[in-house]
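K.L.:
This is a predicted model, with the sequence first.
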Amino acid sequence: MIEQAVAYARAHREAFLEQFREFVAIPSVSTLSEHKPDMARTAEWLTAQLRALGMTRAEALPTGGPPAVYAEWLGAQGKPTVLVYGHYDVQPVDPIDEWASPPFEPTVRGENVYARGASDDKGQILAVLKAVEALVEQGPLPVNLKCIFEGEEEVGSPHLGAFIEKHRELLACDFVMNCDASILGPDAPAITYALRGLAYFEVEVRGPAKDLHSGGFGGAIHNPIQVLCELIAGMHHADGRIALPGFYDSVRPLADEERAALAKLNQDDEQVLEMSGAPALWGEQGYTVTERLGARPSLCINGILGGFTGEGSKTVLPARAMAKVSMRLVPDQEPEAVHEQLCAYLRANAPNTVTWAVRELAHGPGAVMDRTSPWMEAAVAALREVFGAGPVFRREGGSVPVVGMMQQLLGADSVMLGFALPDDGIHGPNEKQHLPTWFRGIETYIRFLASL
């Protein structure tokens, strides 16, 4: 069955690519309200595709936001049940003038197809569906299959937790296959087994009741921008460690075995400098760059606002200043605890010449997955068969909140199996999907699902 399915996939590559173009041409930008009809159209497109695959149930379910597309086929009695997760929403396309071709007119240049969503995450979803098609053409599916494709991942999945909670029975499974994932290169398969969580806050400092003339009040009234900058500067020690009280109390230490495994990633300092364009590295001392990026927590200032920033000069002492502060969390840090640690830091360090407030904007749990589960072993075997080499295991510095949600609400672990590449330019101009890797991804999904 497997070899016949692989042969089918290879024979239908042009048809698969045509559907790829059709899927990513729909501008399903979740953060912009003018694209609400496009979100509904994308959900309808996916639902139709799933019905065409022979799913016994396929429908768009309400969430309070864009619909979640659910499908199932449960005809493999006594076999495992796989829940496939992905997201069909995409990021905005700004800056539009930096795109070499229109973002919603998929264009093939060389070995890549360029379009918004080509890699994150529409390309990965479609690779799964094409693998299922190849298997279905050979007979009944070898496993029970459920799919859940959400439309809010790019805006923080605000309704997903409640949706999972409400539909626990519907989403019950042996494990989750999350296709919102990547590998290290076209010939370098990898599996992400740990994700950092997220806690995102807005910190506001207020001083006078209104903006003041800096000549009339400067030197007598404490400037909120100055206070905020001093507070931000104090959030890190000189050695790169985060200075919030109790911040590291629950951080799970890295075992020697895991440090040795991460060292095999060959992610050196020069590589990170080249990708970032930064003049030098910085961070917590005592840890490699790989460990800092995926296995240790971080605190970043994502934006700062205050006073006059227009052209020319205006001598103002501003009434307020604001900063966006995000923290990437590792197991077993909890967003609620970090919120309190941030407030404790401000209580201890903010002067009485100002008032301050903290607003939580988003949060999500981190996750560590079992590297020795039978599902993970099946993924390793499938990748080795297709790529000719076994994958390396890695920690991902970013956050995929659904993985932790599935662990907490469904008791289901995830296998992160996707085929985006580090240079795909997700969220930026000229996002792409490397087509040879995409076709290999389809074959990997075929072997993975059939082997379960």
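P.N.:
Happy to help now that I have it.

K.L.:
Domains in the protein, by residue range?
P.N.:
2-195+366-451, 197-251+297-364 (automatic domain parsing).

K.L.:
and the shortest one, average pLDDT?
P.N.:
Per-residue confidence for domain 197-251+297-364 averages out to 96 on the pLDDT scale.

K.L.:
Going along the chain, name the helices of the stretch 1-150 of the chain.
P.N.:
2-11, 13-24, 36-52, 122-136 (DSSP state H, counting those that start in this stretch).

K.L.:
Leaving aside the residues adjacent along the chain, what's closest to the residue positioned nearest the centre of the chain?
P.N.:
Closest to where the C-alpha atoms of the chain average out (CA atoms, centre = their mean) is V400, at 4.3 Å. Nearest residue to V400 in three dimensions, chain neighbours excluded: L195, at 5.2 Å (CB to CB, 6 or more residues apart in numbering). Where you see a C-beta, it was placed from the backbone N, CA and C, and this is true even at glycine.

K.L.:
List the contacts of the one you found.
P.N.:
Counting by CB atoms under 8 Å, 6 or more residues apart in numbering, L195 makes contact with G366, A367, R395, E396, G398, S399, V400, V403, G404, M416.

K.L.:
Looking at those residues, which are in helices?
P.N.:
Counting by DSSP state H, the members of those that fall within helices are V403, G404.

K.L.:
In PyMOL, how would I select just the buried ones from the contacts of L195?
P.N.:
Buried residues within the contacts of L195, by 16 or more other CB atoms under 10 Å, are selected in PyMOL with:
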select buried, resi 366+367+395+396+399+400+403+404+416
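
K.L.:
Turn the contacts of L195 into a markdown table, including distance to Q77.
P.N.:
Output for these, formatted as a markdown table (distance: CB to CB, whole Å):
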| residue | distance to Q77 |
| --- | --- |
| G366 | 36 |
| A367 | 31 |
| R395 | 37 |
| E396 | 36 |
| G398 | 38 |
| S399 | 37 |
| V400 | 32 |
| V403 | 29 |
| G404 | 31 |
| M416 | 28 |
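
K.L.:
of the contacts of L195, closest to K166?
P.N.:
For those, the minimum distance to K166 (CB to CB) is 17.8 Å, reached by G404.

K.L.:
is it true that that closest one touches A367?
P.N.:
Yes - the criterion here is CB atoms under 8 Å, and G404 meets it with A367 at 4.3 Å.

K.L.:
shared neighbours of these two, which are they?
P.N.:
Joint contacts of G404 and A367 (CB under 8 Å, 6+ apart) are L195, G197.

K.L.:
distance of L46 from W375?
P.N.:
Plainly put, L46 is 24 Å away from W375 if you go by CB to CB, to the nearest Å.

K.L.:
These two: who's more crowded?
P.N.:
Set L46 next to W375 and count neighbours by other CB atoms under 10 Å: L46 wins out with 27 against 22.

K.L.:
Look up the closest residue to the more buried one, ignoring the ones flanking it.
P.N.:
Leaving aside its sequence neighbours, L46 sits nearest to V69 (CB to CB, 6+ apart; 4.6 Å).

K.L.:
For the one you found, give me its contacts.
P.N.:
Contacts for V69 (CB under 8 Å, 6+ apart) come out as 43, 46-47, 50, 58-61, 88, 147-149, 151.

K.L.:
State the pLDDT value of it.
P.N.:
98.

K.L.:
Tell me the bridge partners for it.
P.N.:
A60, F149 (DSSP bridges).

K.L.:
just the one 4 residues further on next, same as before
P.N.:
For W73, the beta-bridge assignment (DSSP bridges) gives partners L145.

K.L.:
about what we covered before: go through the domains of the chain and name the closest to Q267.
P.N.:
Evaluated with CB to CB, those place domain 2-195+366-451 nearest to Q267, the distance being 8.5 Å.

K.L.:
Endpoints of that closest one, how far apart?
P.N.:
With CA to CA, to the nearest Å as the measure, domain 2-195+366-451 spans 9 Å from end to end.

K.L.:
wait, isn't D424 in contact with N430?
P.N.:
No - with contact defined as CB under 8 Å, D424 does not reach N430; the gap is 9.4 Å.

K.L.:
Highest mean neighbour count out of the helices of the stretch 1-150 of the chain?
P.N.:
Most buried of these by mean neighbour count (mean count of other CB atoms under 10 Å) is helix 122-136; its value is a mean of 26.

K.L.:
Can you dump the C-alpha atoms of that one in CSV for me?
P.N.:
What follows is helix 122-136, C-alpha atoms only, in CSV (Å, rounded to 0.1, in the frame of the first residue of the first chain):
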residue,chain,number,x,y,z
LYS,A,122,-1.2,26.3,4.2
GLY,A,123,1.5,24.4,2.4
GLN,A,124,1.9,22.0,5.3
ILE,A,125,-1.8,21.4,5.6
LEU,A,126,-2.1,20.6,1.9
ALA,A,127,0.8,18.2,2.1
VAL,A,128,-1.1,16.2,4.7
LEU,A,129,-4.3,16.2,2.6
LYS,A,130,-2.4,15.1,-0.5
ALA,A,131,-0.8,12.2,1.5
VAL,A,132,-4.3,11.2,2.7
GLU,A,133,-5.5,11.3,-0.9
ALA,A,134,-2.7,9.1,-2.0
LEU,A,135,-3.5,6.6,0.7
VAL,A,136,-7.3,6.7,0.1
